[in-house]
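Participant: Please find the sequence and the predicted model below.
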Amino acid sequence: MEIKNLANYKHIVIQGHDVPDADSIASGYAMLCYLRSLGADALHVYGGRAAITKPNLLIMLDKLHIELTFTNEIPPETDLLIMVDCQRGGGNTTKYDLREGAEIFVIDHHRPEMPESGNTVIRPNMASCSTVVWDLLNKEGFAFDINLQTALYYGLFTDTNGLSELSHPLDRDLADMPNDAGLIKKMKNSTITLEEIEIMGAALCNYEIIENIGIFHAEPCDPNLLGFISDIAQQVVHMDCCVVYCAIQHGLKLSVRTSAREIMANEIAEFICHEAGNGGGALDKAGGFMSDKAISDTAGAVRDNEYIKRRVNAYLNNYELIYAGNNDIDFGSMPLYIKLNKPVGFVKSTDIFPAGTKITIRTLEGDVDTYATEGIYLMIGIMGEVYPIALETFERSYRASGENYVNDTDYPPIIINRADGSRREILPYAKTCLPKDTKFVRASQIDIDTKVFTSWDTEKYFRGSAGDYIVANEGYLDDCYIVRRDIFEDSYQLSSS
């Protein structure tokens, strides 16, 4: 069912989960606004045992004029139920009675808990349901007003511990949208009750240390509270990383903070959640969610704290650390590979924005900050990855063909002007180039997950999984790095020399 066809139904109900959070409220509100723009109307509801009482959500409903009804039954003539940020039959979601033949349409960002079909849009790689709805409506050309943008931004904000867990470029795109900053500030500072202060205190006293990682268990609470707790816990001396978690609807929510270069917050969050959910964020702040069902499928009847400890222990025992120029690896004995003469893309940064502009390159792999200058080109790899390259390096290594460069990717990379927020896609400006000379590397597949600190960036590491390749350029064997297996095997072949 195409989303625009939802407006063809006569009696529509939009449902959020019980005790809705800002993400659920914003997602439902957006769908209500969209349907009304198409001439349809709907009832926006939630059920459960209690109405909303959190002060920030009451402010959100009042100031943004959001229509939302607390009820445990819906009109019997309902012929379409749109569920946002929840799924039919899921935990903490009222299962309203529906007449025979009524349709159900689901929009969610949690792992599927029901059979997926043409009537489900479930994207677990998104950090919030607000992001999913925002993307759907953007593709329909819907015009968002400032109230709706503010609601969706706040939905994302609260579901990501204050934007510290943005995992997909679309999350970051939504976070860049204009909003009512004054109202956001008011809601941000109206979130903690006296009861939650007690939860924070109890969580900080309920911990376990595994090597240099602290694990803190909080009672069920608003996800934003986990961020406050982890900010405090990370200030404890000798603690390189802290993981704070609690039970929420359908599963476990966690917040991660790190202060050691060997542990990136987004990476440990992703690792902990990998088998049962999704994690991500920034280098020093991140978080994630794991579903009860996926944990049970993976680990059986393991208690929450035991499962978290198991994943943290696995993380600590999972990686080998390699420092470029300071390791015992014999790269000279590794097989010699030759780089295939495959076309890649390039863009002059000043073709997109004037010289001196502070820019952010946004891709599926994350954001890269740099400047538009005559001396900086942007390379586009065969998998759509984008990275800056110095002009002299480009001229020494590549020759331009003059042809337009075409590359299909899940998310077209964009460049953002950090001064005024304007954004442009990179691919329309891209031209094709080919390597000038034959490039040789020494490479070998890694047996375990590995972190490599390169010679050009000693504070961040390349992370490789078992099966990926550790690579060093022939003639510069101290300069090693990781290349993902599919990219390496599509770009190199064994040399006969």
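Facilitator: Structure's in. What do you need?

Participant: Which residue is the nearest non-sequential neighbour of residue 125?
Facilitator: Using Cβ to Cβ, 6 or more residues apart in numbering and skipping the chain neighbours, the partner closest in space to residue 125 is residue 168 (5.4 Å). No exception for glycine: its C-beta is placed from N, CA and C like everyone else's.

Participant: In contact with that neighbour, which residues?
Facilitator: 125-127, 131, 280, 364, 411 (Cβ atoms under 8 Å, 6 or more residues apart in numbering).

Participant: out of those residues, which are inside helices?
Facilitator: Among the contacts of residue 168, DSSP state H puts residue 131 in helices.

Participant: tell me which of the contacts of residue 168 is nearest to residue 21?
Facilitator: Proximity of the contacts of residue 168 to residue 21 (Cβ to Cβ) peaks at residue 127, which lies at 13.2 Å.

Participant: who touches that closest one in this structure?
Facilitator: 109, 156, 159-160, 165-168, 171, 280 are the contacts of residue 127 under Cβ under 8 Å, 6+ apart.

Participant: redo that, cut-off 10 Å
Facilitator: Residues in contact with residue 127 (Cβ atoms under 10 Å, 6 or more residues apart in numbering) are 23, 109, 156, 159-161, 163-168, 170-172, 174-175, 278-281, 287-289.

Participant: so how far is residue 294 from the nearest residue to residue 289 once chain neighbours are set aside?
Facilitator: Leaving aside its chain neighbours, residue 289 sits nearest to residue 277 (4.8 Å; criterion: Cβ to Cβ, 6+ apart). According to Cβ to Cβ, to the nearest Å, residue 277 and residue 294 sit 6 Å apart.

Participant: any common contacting residues for these two?
Facilitator: By Cβ under 10 Å, 6+ apart, residue 277 and residue 294 have these common neighbours: 111, 250-251.

Participant: and those residues as CSV, adding distance to residue 74?
Facilitator: Output for the shared contacts of residue 277 and residue 294, formatted as CSV (distance: Cβ to Cβ, whole Å):
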residue, distance to residue 74
111, 26
250, 22
251, 26
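
Participant: any idea which of the residues you listed has the most stuff around it?
Facilitator: Neighbour counts for the shared contacts of residue 277 and residue 294, by other Cβ atoms under 10 Å, peak at residue 250, which reaches 23 neighbours.

Participant: didn't that residue look like it was pressed against residue 292?
Facilitator: Yes: Residue 250 is within contact range of residue 292, at 6.0 Å (criterion: Cβ atoms under 10 Å).

Participant: Just the buried subset of the contacts of residue 168, please.
Facilitator: 126-127, 131, 280, 364 (16 or more other Cβ atoms under 10 Å).

Participant: after the biggest helix by length in the chain comes which helix or strand?
Facilitator: If you go by DSSP H, the chain has its longest helix at helix 22-37. Using DSSP states H and E, the helix or strand that follows helix 22-37 towards the C-terminus is strand 42-46.

Participant: and that next one, how far from the chain's centre?
Facilitator: How far strand 42-46 lies from its chain's middle: 28 Å, per Cα atoms, centre = their mean, to the nearest Å.

Participant: Off-centre distance for the next helix or strand after it?
Facilitator: Using DSSP H and E, the next helix or strand after strand 42-46 towards the C-terminus is helix 55-63. From the chain centre to the centre of helix 55-63 is a distance of 26 Å (Cα atoms, centre = their mean).

Participant: what does stretch 364-373 give?
Facilitator: That offset, for stretch 364-373, works out to 17 Å (Cα atoms, centre = their mean).

Participant: buried residues in it?
Facilitator: 364, 368, 370-373.

Participant: could you give me the average pLDDT of stretch 245-258?
Facilitator: Stretch 245-258 shows a mean pLDDT of 89.

Participant: Straight-line length of it, end to end?
Facilitator: 15 Å (Cα to Cα, to the nearest Å).

Participant: With stretch 368-387 instead?
Facilitator: By Cα to Cα, one end of stretch 368-387 lies 8 Å from the other end.

Participant: please renumber so the chain begins at 357
Facilitator: Renumbered: residue one is now 357, and that last one reads stretch 724-743.

Participant: mind listing which of the contacts of residue 483 are in strands?
Facilitator: 634-637, 643-645 (DSSP state E).

Participant: Check the spacing between residue 406 and residue 555 real quick.
Facilitator: Residue 406 is 18 Å from residue 555, where distance means Cβ to Cβ.

Participant: So if I had to pick from these two, which one is more boxed in?
Facilitator: residue 555 (20 against 8).

Participant: Surely that one is in a helix?
Facilitator: Yes: under DSSP: H, G, I helix; E, B strand; the rest coil, residue 555 sits within a helix.

Participant: so it makes contact with residue 548?
Facilitator: Yes: taking contacts as Cβ under 10 Å, residue 555 lies within contact range of residue 548: 9.4 Å.

Participant: Find the residues that touch each one of those two.
Facilitator: In contact with both residue 555 and residue 548: 577-578, 581, using Cβ under 10 Å, 6+ apart.

Participant: Looking at those, which gets the smallest pLDDT?
Facilitator: residue 578 (78).

Participant: Next, count neighbours for it.
Facilitator: 22.

Participant: What distance do you get for it to residue 533?
Facilitator: From residue 578 to residue 533 the distance is 23 Å (Cβ to Cβ).

Participant: Closest to the mean position in this structure, which residue would that be?
Facilitator: Among the residues of the chain, the one closest to the centroid is residue 523, at 1.0 Å (Cα atoms, centre = their mean).

Participant: Excluding residues flanking it in the chain, which one is nearest it?
Facilitator: The shortest distance from residue 523 to any residue other than its chain neighbours is 3.0 Å, reached at residue 636 (Cβ to Cβ, 6+ apart).

Participant: pLDDT score for the one you found?
Facilitator: pLDDT recorded at residue 636 is 81.

Participant: Can you name the residues that contact it?
Facilitator: Residue 636 sits in contact with 481, 483, 516, 520-524, 527, 612, 621-623, 625-626, 629, 642-644, 722, where contact means Cβ under 10 Å, 6+ apart.

Participant: Of the contacts of residue 483, just the buried ones, PyMOL syntax please.
Facilitator: Only the buried entries of those go into this PyMOL selection, using 16+ other Cβ under 10 Å:
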select buried, resi 379+465+512+515+516+517+519+520+521+522+523+524+526+527+528+530+531+634+635+636+637+643+644+645
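
Participant: And the helices in the stretch 657-806 of the chain?
Facilitator: Under the criterion DSSP state H, counting those that start in this stretch, the stretch 657-806 of the chain contains helices at 660-672, 705-708, 747-753.

Participant: Does anything pack onto the last one? Which helices or strands?
Facilitator: Other elements packing on helix 747-753 under the criterion 3 or more Cβ pairs under 10 Å, 6 or more residues apart in numbering; DSSP states H and E are strand 700-704, strand 732-736, strand 787-791.
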